[in-house]
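**Student:** here is a sequence with its predicted model. Questions after.
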Amino acid sequence: MSLAPKPPTPTMPTPPAGTAIPPRPPQMGGQMGGPMGNPMGNPQGPMPGAPTMPTPRPAAPERRTLVVGRGISLQGTVADAERLVVEGTVESQMIQATELSISQTGVFKGEVQVEDAEIAGTFDGTLTARGQLVIRGTGRVIGVARCRRLMVEDGGQISGKMEMLGDAQVAPGPAPRAYAEG
C-alpha cells in the first residue's frame, strides 16, 4: 500500500462567473469531419474504419390519414382519405374512406361509407360500414347504420334504424375513376 500522492488530473479551467460557455457542436449521426465522413474533406469516400451512417430502410407505405383535431370544425367534402379520425366536428354530405374513427370528443354529421368504423363519440346521419362497426361504451349512433358485423360495448347507444348487411347487400366501394384521352 503506497501513501504517495496521486498526480493531479488535467482539468478544464473554470470561466469566471457570468461568462457564457459556447455549446458543443452537434454530432451528426456518428460522422467524422467533412463530406462523406472524411476529416480531410476527401470526396472519395469515408476513411477506413471511420463510422458511417446506417443505410436507411425503405419506409412502409403510410395510409392517407386525415385527423380533425379537438376543437376543430370541418364542413365539406373529404376526398382520397383512407382513414378519417374525428376528434372535433365534421359535417359532410358524403365521405368514402377505408376507416372511420370518432373519438370521445368527436362529432360527425352527414353520410359516410367505409370498410370499418369505430365510434366512441357521436355519429349523426347515415353510416355504411361494409365490414365491422364498433360502438364503444361512450359512442352514440343516431340515424341509419348499416354494417356486416356489429359490436356494441356496454353503454354504447344506437338510436334510429339498424340494418345488417349480407354478402349480396354490401354497398360497393368507390367506383374507379375513368379518364378520357384527348
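**Tutor:** Received, thanks.
**Student:** mind listing the strands for the protein?
**Tutor:** Listed in chain order, the strands found in the chain under DSSP state E are 65-68, 73-75, 83-86, 89-96, 99-102, 107-114, 116-119, 122-135, 140-152, 157-164.
**Student:** in its sheet, what does the shortest one sit against?
**Tutor:** When you say that, I think you mean strand 73-75. Here strand 73-75 is paired, per DSSP bridges, with strand 89-96 (parallel).
**Student:** could you export the strands of the chain as a markdown table, including mean pLDDT and mean neighbour count?
**Tutor:** Just so you know, the C-beta spots here come from the backbone N, C-alpha and C atoms, and that holds for glycine as well. Shown next, in a markdown table, are the strands of the chain (pLDDT from 0 to 100; neighbours: other CB atoms under 10 Å):
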| stretch | mean pLDDT | mean neighbour count |
| --- | --- | --- |
| strand 65-68 | 93 | 16 |
| strand 73-75 | 94 | 12 |
| strand 83-86 | 94 | 22 |
| strand 89-96 | 89 | 17 |
| strand 99-102 | 96 | 24 |
| strand 107-114 | 95 | 21 |
| strand 116-119 | 98 | 24 |
| strand 122-135 | 97 | 21 |
| strand 140-152 | 97 | 18 |
| strand 157-164 | 95 | 13 |
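**Student:** so who does the closest residue to V67 other than its chain neighbours touch?
**Tutor:** Of all residues not flanking V67 in the chain, V85 sits nearest, at 4.4 Å (CB to CB, 6 or more residues apart in numbering). Taking CB atoms under 8 Å, 6 or more residues apart in numbering, we find V85 in contact with 65-68, 101, 103, 106.
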